[in-house]
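Asks: build me a model:
(one chain, ligands or ions: 2)
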Amino acid sequence: MSEFEANSRPELVLQGISASQGIAYGPYFVYIQTDVEVPEYRVEKSRHAAEVARFEQALVTTRQQVQKIMSEVEKNLGEQEARIFDAHLLVLEDQALIAETLREFEKSQVNIETCFNRVAKRYIAAFEAIDDEYLRERGGDIRDVAQRVLANLLGRTSQRLSKLADKRIVVANDISPSDAASLDRSAALGIVTDSGSKTSHAVIVARSMKIPAVVGLRDLTGKVQPGDTLLVDGYEGLVILNPAETTLFRYGQIQRQKRTQEQRLLEASRLPAITLDGVPLTLRANVEKPDEAGLVKDYNADGVGLYRTEFLYLGADAMPTEEEQYSAYRELVQALAPAPVTIRTLDLGGDKPIASQAHLFPKEDNPFLGYRAIRFCLDHPDVFKVQLRAVLRASAHGKVLLMYPMISGRDEMRRANLVLEECKAELRAEGKVFDERIAVGSMIEIPSAAMTADLLAHECDFFSVGTNDLIQYLLAIDRVNDRIAHLYEPTHPSVLRTLRHIVVEAHRAGIKVSVCGEMAGDPIFTALLFGLGVDELSMTPPLIPAAKFILRNMKMTDAKLLAQTALAMDSAPLIHSLCAEFAAKRLTP
Ligand code: PEP
Ligand code: MG
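Replies: Ligands and ions are numbered 1, 2, ... in the order given. As a prediction, the model looks like this:
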C-alpha cells in the first residue's frame, strides 16, 4: 500500500489542546526534529585562534539567517510576529553563553562545536527545569538557535519545513518557531504536535498564519500509520484519525457554519457594545506586552483592563529599572490614549520566579499559597517603589489605573497604598508630573478579600476579579494541575454567590467591578457575568468579537433573569448547560 492510499483502520478520536482555530483534513507528513550530530575531536594549540574565529563567523552567519527569517515573517505576517525572533537574536548576543563556550574550549581543547553544544545543552536543561511555561519556552528558543549555529559550524543546512511535496497535515513531536515561520503555508494544511502549549511561539505563528493547530496530543507521532488521513479540529482541540464518511459530512457543515459565524463576529466587533435593550457595556483587553496596543485597537477594545507587568521582569537578566518600566508603560498608555490602561503591579513569585533573581524566591512546598505578588512587593519596598514610581510617571501621558494582585483584605490594601503615597510625595518633591487622581483598585482573587469586599471597597476606586485564582482558592483546585482540571468549575454555585456578593458590596460603596480572569473571555459566561451585575469584562483581544456579538444579541433583562435563575440552582454542570444554551442561541442566527 502506498503512503497515499487510504487504509481501512477505524476512526480514532484524540483529544489535545486547541491551539489555532479552524478545520483541516488530509494526508500527513511526519516531521522529526532531530538534533544535529556533533563530532568530537582535539584541536591543536596552534589552531586555537582559527577555531575561535570559526565560532565567531558561525554566530554572524546565524544572525544573518535569523534576520532574513525575521524580515520574511514581518513581510508575510507583520511586525509583531517577527518580534518572536528577537529572543533568538538575544541568544546569539548572550555574552555569558559565548564566554562559557570559550572557557569550555580552553579547558577541554576539543573542537568548538562540541564545546558550544555542551554549554547550550546545560542552558537548555536549566530553563526546561523551571516550573514556568514562559521560561521553559525560552529553553526552546535556545535549542532552536543553537541547532542553527551548530549546522553552520558543521557546514550543513538544517532540515526545514519550507518544501512540503504536496498539501499535508504536519505531524511532529514539537515544532520550533523558525520551523513554523519557514513553513510552506500553501502546503501545510494543519499542524498537530505531541507536546506544546497554547502559548508556545510556534503556536502563535500558526495562529497568525491561520493554520489550524492542535497541540499536547502526547503520543500521536507513535499512533499514525502509513495511509492514515487526519482531520484537525482546531476549535475543540481534536484530531480524528481516519474519519468516517459521516464525520466528514458533519465537519463539512461545521466548517461552513464557522466561516459564516466568524465573518459575522468580526463585523460585529466594529459596532458599539450595546445590548438589544440599549444598555452600553464595556469590553477591555488583557495584555502582556506594550507592543500589543495594535491588537487592542484592531479588536476595538475599550482600552486595557489588565496589563500583566510581570512579563517585563520574567525575561530580563536583572530587575527592570524605573526608566525601563516608565518607557514601556508610557508606550502603551500613549498608544491607547484617551482609552484607559489598567496596570497591575508585579505578580511574581510562587510558580513564577524570575530566573535572574532566584535568590529572592526560595523553593516552596505550596507556591500558590506562598510568597507571591503583593506579599513579595510589600516585603521588598525597594522593588515595589521602582514600579510604582514608573506607573505614576506614565500616568501623566494618558489614562492609567493601578491595581494590586492577590490582596487578601483591607490592611494589605492600606499598606500598599501607603507605599504609593510615599512614591507620590517623592515625585512631587522631585517636580515630576503624574495623575494626582490616579484610580487605584484591588484585584479580588482570594476568598478573604471577596468575603470582606465591604471593608475593602472603602480603600479602593474599583475591583477587578481575577477568576483564575479566585476559583482555584474557592474550590481548592490547583489551576495548573491537569489531574484535577475537570474539577475546576466556573459555574460552581460558590463562584456565582461570591461574584454576586462582590458586585453587591462594590456597588453599595459606589465602585465598579471588572472581571479579568479567563472566565470573562469565554462567550458562555458573557451574559451570566453582566447579568450578575459586573460592570466590565477584560479578555485576550481575539475573544472580544464573540463577547460583543452575544451582548449585541441579548437583552440585559434576559441576562439578569439568566443570572437569577443560575443563582437559584445547585448544580454546576446544569448551570453551565443553561449558560451554554443562552450563548448558543445568541451566536447562531
Ligand atoms: C486571575 O487570577 O484571574 C488573573 C487575571 O491573574 P493571573 O491569571 O495573572 O493570575
Ligand atoms: Mg491571578
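Asks: ok and the residue in the stretch 301-450 of the chain nearest ligand 2?
Replies: At 4.8 Å from ligand 2, Glu445 is the closest residue in the stretch 301-450 of the chain, using C-beta to the ion. In this view, the C-beta of every residue, glycine as well, is placed from N, C-alpha and C.
Asks: flag every residue of the protein that's near ligand 2.
Replies: Within the chain, the positions adjacent to ligand 2 are 445, 466, 469 by C-beta under 5 Å from the ion.
Asks: one step back: for the residue of the stretch 301-450 of the chain closest to ligand 2, what are its contacts?
Replies: Contact partners of Glu445, counting by C-beta atoms under 8 Å, 6 or more residues apart in numbering, are 405-407, 465-466, 468-470, 473.
Asks: now those as JSON lines including neighbour count, pLDDT and secondary structure?
Replies: Listed next are those as JSON lines, based on neighbours: other C-beta atoms under 10 Å; pLDDT from 0 to 100; DSSP: H, G, I helix; E, B strand; the rest coil:
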{"residue": "Pro405", "neighbour count": "25", "pLDDT": "97", "secondary structure": "coil"}
{"residue": "Met406", "neighbour count": "25", "pLDDT": "97", "secondary structure": "coil"}
{"residue": "Ile407", "neighbour count": "27", "pLDDT": "98", "secondary structure": "coil"}
{"residue": "Val465", "neighbour count": "29", "pLDDT": "98", "secondary structure": "strand"}
{"residue": "Gly466", "neighbour count": "27", "pLDDT": "96", "secondary structure": "coil"}
{"residue": "Asn468", "neighbour count": "16", "pLDDT": "88", "secondary structure": "helix"}
{"residue": "Asp469", "neighbour count": "21", "pLDDT": "91", "secondary structure": "helix"}
{"residue": "Leu470", "neighbour count": "25", "pLDDT": "95", "secondary structure": "helix"}
{"residue": "Tyr473", "neighbour count": "19", "pLDDT": "95", "secondary structure": "helix"}
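Asks: show me the two of those residues that sit farthest apart.
Replies: Greatest spatial distance among the contacts of Glu445 (C-beta to C-beta): Ile407 and Asn468, at 15.2 Å.
Asks: now for the helix or strand hosting Thr61, which elements pack on it?
Replies: If you go by DSSP states H and E, Thr61 is part of helix 48-76. Under the contact criterion of 3 or more C-beta pairs under 8 Å, 6 or more residues apart in numbering; DSSP states H and E, helix 48-76 touches helix 79-82, helix 86-92, helix 95-108, helix 112-128, helix 133-153, helix 177-181.
Asks: let's have those in TSV, adding distance to Lys297, mean pLDDT and mean neighbour count.
Replies: Compiled in TSV, the helices and strands packed on helix 48-76 are given as follows (distance: least, C-beta to C-beta, whole Å; pLDDT from 0 to 100; neighbours: other C-beta atoms under 10 Å):
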stretch	distance to Lys297	mean pLDDT	mean neighbour count
helix 79-82	12	74	17
helix 86-92	22	85	18
helix 95-108	37	91	15
helix 112-128	34	89	19
helix 133-153	25	80	21
helix 177-181	25	66	26
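Asks: Val504 is nearest to which of those?
Replies: Comparing those under C-beta to C-beta, the one sitting nearest is helix 133-153, at 36.0 Å.
Asks: by contact count, what packs against the closest one?
Replies: Right, helix 133-153 is packed against helix 48-76, helix 86-92, helix 112-128, helix 177-181, helix 201-208, helix 310-314 by 3+ C-beta pairs under 8 Å, 6+ apart.
Asks: burial measure for the closest residue to ligand 1 within the stretch 151-300 of the chain, as a count.
Replies: When distances are taken as C-beta to the nearest ligand atom, the stretch 151-300 of the chain reaches nearest to ligand 1 at Asn286, 7.2 Å away. Residue neighbour count, defined by other C-beta atoms under 10 Å, stands at 24 for Asn286.
Asks: and for His330, the neighbour number?
Replies: Rather than His, residue 330 is Arg. Arg330: 19 neighbours (other C-beta under 10 Å).
Asks: wait, doesn't it sit right on Ala394?
Replies: Yes: using C-beta atoms under 8 Å, Arg330 is in contact with Ala394, at 4.7 Å.
Asks: closest to ligand 1 out of the helices and strands packed on helix 48-76?
Replies: Per C-beta to the nearest ligand atom, nearest to ligand 1 of the helices and strands packed on helix 48-76: helix 133-153, 11.6 Å.
Asks: touching ligand 1 at all, the closest one?
Replies: No: under the criterion of C-beta under 6 Å from any ligand atom, helix 133-153 makes no contact with ligand 1; the nearest approach is 11.6 Å.
Asks: next, the angle from that helix to helix 48-76.
Replies: Calculated by axes from the mean of the first three to the mean of the last three C-alpha atoms, to 10 degrees, helix 133-153 forms an angle of 120 degrees with helix 48-76.
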